[in-house]
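*Asks:* Predicted model and sequence follow; I will ask about them next.
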Amino acid sequence: LSDGGWEIATTEWSFGAGAVPAFQLPGPIRVRGRVDRIDVNHRQRQFLVIDYKTGSTNVSGAAIQRGESFQLPLYLLAVSEFLFPDYEPVGALCYNLREMSLRDGIVHRDRLPEGLEISPRSSTLVLPKQWDSLFENTCRKVCEVVQSIEEGRFPPAPTPCRPRCPFRDVCRLRLAGTAP
């Protein structure tokens with residue numbers, strides 16, 4: 001991204017603590033966070049959120065679009081509201097420090113910066129007609145999760161168990177005999 005007018009605008013930018021307020025979702029839900037890095041292109045009035053990851057967990061664009069991962073869309077919403085309200089969000093990507101790669105996350109397909117190599121078939125690229133609904137879906141899902149927590153509902157999510165899962169002795173699915 002060093003080509004084309006992109007530069008690092010800020011690192012370790014926090015919202016919901018200190019001078020920047022929390023990002024407000026419907027009802028009493030306030031979100032706070034710390035964005036590792038925000039790159040900006042002042043000529044094109046665009047920004048890109050980058051989240052550093054040290055582990056092997058990657059956040060696929062498909063998982064974000066299904067509403068299974070909230071962090072990156074919420075970061076984009078907060079940056080849009082508080083830091084760069086007059087700029088267009090390009091997307092949010094994870095930078096895997098082990099692999100030294102910048103690829104997983106979400107990027108608006110029509111705003112893909114030159115030099116950022118993402119496969120045209122990657123779930124990271126979000127179609128323009130799906131971009132706004134992705135954020136609406138994220139906010140709706142967060143509200144649903146908060147409501148479930150407030151009501152004390154914690155249904156198990158039947159996902160495939162890992163062979164050496166550290167929670168196997170307390171897994172509600174395994175104890176009930178319904179583990180996949």
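*Replies:* Happy to help now that I have it.
*Asks:* Now do the SS call for the residue most central in space within the chain.
*Replies:* Against the mean C-alpha coordinate of the chain, by Cα atoms, centre = their mean, the closest residue is residue 72 at 1.7 Å. Following DSSP: H, G, I helix; E, B strand; the rest coil, we place residue 72 in the helix state.
*Asks:* how close does it sit to residue 105?
*Replies:* 5 Å (Cβ to Cβ, to the nearest Å). Where you see a C-beta, it was placed from the backbone N, CA and C, and this is true even at glycine.
*Asks:* anything in contact with each of the two?
*Replies:* Counting by Cβ atoms under 8 Å, 6 or more residues apart in numbering, the shared contacts of residue 72 and residue 105 are 51, 59, 64, 92-94.
*Asks:* quick one: which two of these are the most distant?
*Replies:* 51 and 64 (11.8 Å; Cβ to Cβ).
*Asks:* In terms of neighbours, single out the busier of the two.
*Replies:* Shown here are residue 51 and residue 64; by other Cβ atoms under 10 Å, residue 64 has more neighbours (24 against 19).
*Asks:* okay but that one is in contact with residue 94, surely?
*Replies:* No: with contact defined as Cβ atoms under 8 Å, residue 64 and residue 94 do not form a contacting pair (10.4 Å).
*Asks:* shared neighbours of the two, which are they?
*Replies:* With Cβ under 8 Å, 6+ apart as the test, residue 64 and residue 94 both reach 72, 105.
*Asks:* So which residues of the chain form strands?
*Replies:* Under the criterion DSSP state E, the chain contains strands at 6-15, 23-24, 30-31, 33-41, 46-53, 88-96, 101-108, 125-126.
*Asks:* number of nearby residues for residue 23?
*Replies:* Applying other Cβ under 10 Å, we find 21 residues neighbouring residue 23.
*Asks:* Many thanks, we can stop here.
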